[in-house]
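> give me a 3D structure for the following:
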Amino acid sequence: MRGFTLILAILAVFSIPVIGQIDDPINVETSVVRLNVGVADRQGRPVTDLERSVFTVYEDGVKQPIVGFEPSTAPFSVVLMLDMSGSTLPFRQVLKAAANRFVYALSPEDRVAVVEFYDRVNLRNDFTTNGKVILHSIDASNGRGKTRLYDAIDFALDKLAREKGRRKAIIVLSDGVDSNAQAADRDKLAEMPDSKVPNGIQPDDYGPMAEILRKSDKLGVSIYPLALPTGDPAKLADPTPRQIEMFRAARERFAFIAQRTGATIRTINRLEDMGRLYAEVAADLRTLYTIDYQPLNYKRDGKWHSIKVEVTNPELISRTRTGYFAR
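Residues are numbered from 1 along each chain as shown. You can find the predicted model right below:
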């Protein structure tokens, strides 16, 4: 029996899905737009007991019909993404303890998938409400080498596409320095004169970003980055101007993803703050409403369409993503 158990354990290790083994991504063909919406009073305190009737959605200034509504108590499907690249080796245990705290703060009905990424992207566990499975996946996460951050986010979005009828979010812990993006930035900066290097790279000027944002727009996914201090350009030791610009662009790219998906980036200045910030994100999810609306004049024209959500009480302030490209 002991030998049989050992064989099963070995098979389990070698059966961890990697990015090249998942099914083809699901194409979401629908014109319904899904929004995660936060509401707070003038003092910034969340308001979580509102009904559908108090919300109004505008697209390009035109009122839109709301076709679906979920209260703040509705469960989420969450992808918990852990950066296991070489830059996180010195503080792995702190990282894992903080991720555990996030899991403890979730609702029992939230479904969680754990994804680790480094120079590979591995699915540690598929969506489950089983806390023991999730905590084991966090503890077993490992890796070293480069950072395939944007490949991993794309992978997570494809997994979430299969979570039909669920509210969706991605929580990604990383320094934000994607190895492929950094190589592309380095090539661009090499061709620039020194005077053009500061602010020479725009955060959305990286090809894979467009596909990530297209998928997140279609699925209504909020992406919450927790930015590790190793990616902070202010903490680089004796950097060159081009190194500063590469790290600045990486951090702004990370923040841009949050802003475009209606979430917020949390910057980890001290490692001991990591657990608290994870808990803040979990609490943030519990304050969100989800609204589906059907655009009255939907066209796949590739253009930007602005979104605004209002509530009837003028003392309340709503927050959601600012719009989408109709692709």
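
> per-domain residue ranges of this structure.
If the domains of the chain are taken from automatic domain parsing, they occupy 34-71+288-325, 76-285, with pieces of a single domain joined by a plus sign.

> right, so the ones you listed: which one is the most enclosed?
With neighbours defined as mean count of other Cβ atoms under 10 Å, the domains of the chain peak in mean count at domain 76-285, which reaches a mean of 19. The way it works is simple: take the backbone N, C-alpha and C, and place the C-beta from them, glycine included.

> first residue to last residue on that one, what's the distance there?
Across domain 76-285, the straight-line distance between its terminal residues is 8 Å, by Cα to Cα, to the nearest Å.

> who does the residue nearest the centre of the chain form a beta bridge with?
Taking Cα atoms, centre = their mean as the criterion, residue 223 is the residue nearest the geometric centre of the chain, at 2.5 Å. Applying DSSP bridges to residue 223 yields these beta-bridge partners: residue 170.

> hang on, the earlier thing: now the domains of the chain in JSON lines, with mean pLDDT?
What follows is these, written out as JSON lines (pLDDT from 0 to 100):
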{"stretch": "domain 34-71+288-325", "mean pLDDT": "95"}
{"stretch": "domain 76-285", "mean pLDDT": "95"}
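
> quick check on residue 50: phi, psi?
Reported as degrees, to the nearest 10, the phi and psi values for residue 50 are phi -90, psi 150.

> that one contacts residue 39, correct?
Yes. Contact criterion Cβ atoms under 8 Å: residue 50 and residue 39 qualify, at 6.2 Å.

> who's in contact with residue 175?
Applying Cβ atoms under 8 Å, 6 or more residues apart in numbering to residue 175 gives the contacts 83, 87, 88, 147, 227, 228, 229, 230, 231, 232, 250.

> just those: which are in helices?
When helices are assigned by DSSP state H, the members of the contacts of residue 175 inside them are residue 250.

> which one of the contacts of residue 175 is nearest residue 95?
Using Cβ to Cβ, the shortest approach to residue 95 within the contacts of residue 175 belongs to residue 88, at 6.0 Å.

> distance of the residue nearest to the centre of the chain relative to residue 79?
In this structure, residue 223 lies at 9 Å from residue 79, with Cβ to Cβ, to the nearest Å as the measure.

> shared neighbours of those two, which are they?
Listed as contacting both residue 223 and residue 79 by Cβ under 8 Å, 6+ apart are 169, 170.

> which residues does residue 68 bridge with?
Taking DSSP bridges, one obtains residue 292 as the residues bridged to residue 68.

> so it makes contact with residue 32?
Yes. With contact defined as Cβ under 8 Å, residue 68 and residue 32 form a contacting pair (7.5 Å).

> shared neighbours of these two, anything?
Contact criterion Cβ under 8 Å, 6+ apart; residues bridging residue 68 and residue 32 by contacting each: 292, 293.

> which residue ranges of the stretch 151-300 of the chain form helices?
In chain order, the stretch 151-300 of the chain shows helices spanning 179-190, 207-219, 241-260, 274-285, with DSSP state H, counting those that start in this stretch as the criterion.
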